[in-house]
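J.: coords below, sequence missing:
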């Protein structure tokens with residue numbers, strides 16, 4: 001997440017040679033980072049309404065078999081679901097979770113390709 005996705009995409013393209021493909025999403029453009037043709041990451045704008053203290057950051061994903069079940073299990077164990085399970089067209093389904101100590105992390109179930 002960044003305050004200037006186009007500039008970030010250009011920076012990482014120049015720095016690492018990453019190929020960047022932009023796809024339109026309901027919340028705005030999402031840039032898929034590809035390394036040797038394989039999807040390896042994404043770049044997007046910080047969400048509307050994000051706190052002014054939110055800084056650009058990288059967020060890793062843990063691949064799971066079922067995002068909905070894992071989000072429910074997180075909540076049952078005392079964690080929080082910060083972003084409910086959501087589909088990403090052509091990519092898969094993801095959620096943003098928070099552990100009981102406050103650390104957040106992302107989970108994803110990629111579409112079968």
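T.: Structure's in. What do you need? Predicted, not measured: the structure shown is a model, and the values here were computed from it. Numbers count the residues shown, from 1 in each chain.
J.: How is residue 69 assigned, secondary-structure-wise?
T.: For residue 69, the assignment made with DSSP: H, G, I helix; E, B strand; the rest coil gives helix.
J.: Residue 105 too?
T.: strand.
J.: which of the residues in the helix or strand bottoming out on mean pLDDT in the chain are buried?
T.: Every helix and strand in the chain was compared by mean pLDDT, DSSP states H and E; the lowest is strand 38-44, with a mean of 87. Under the neighbour-count criterion of 16 or more other C-beta atoms under 10 Å, strand 38-44 has 41-43 buried. Where C-beta positions appear, they are placed from N, C-alpha and C, glycine not excepted.
J.: Same list, the residues you listed, but as a markdown table with distance to residue 62 please.
T.: As requested, the buried residues of strand 38-44 are exported to a markdown table (distance: C-beta to C-beta, whole Å):
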| residue | distance to residue 62 |
| --- | --- |
| 41 | 14 |
| 42 | 15 |
| 43 | 19 |
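J.: give me the low-pLDDT residue ranges for the protein?
T.: Counting by pLDDT under 70, the chain shows low-confidence ranges at 113.
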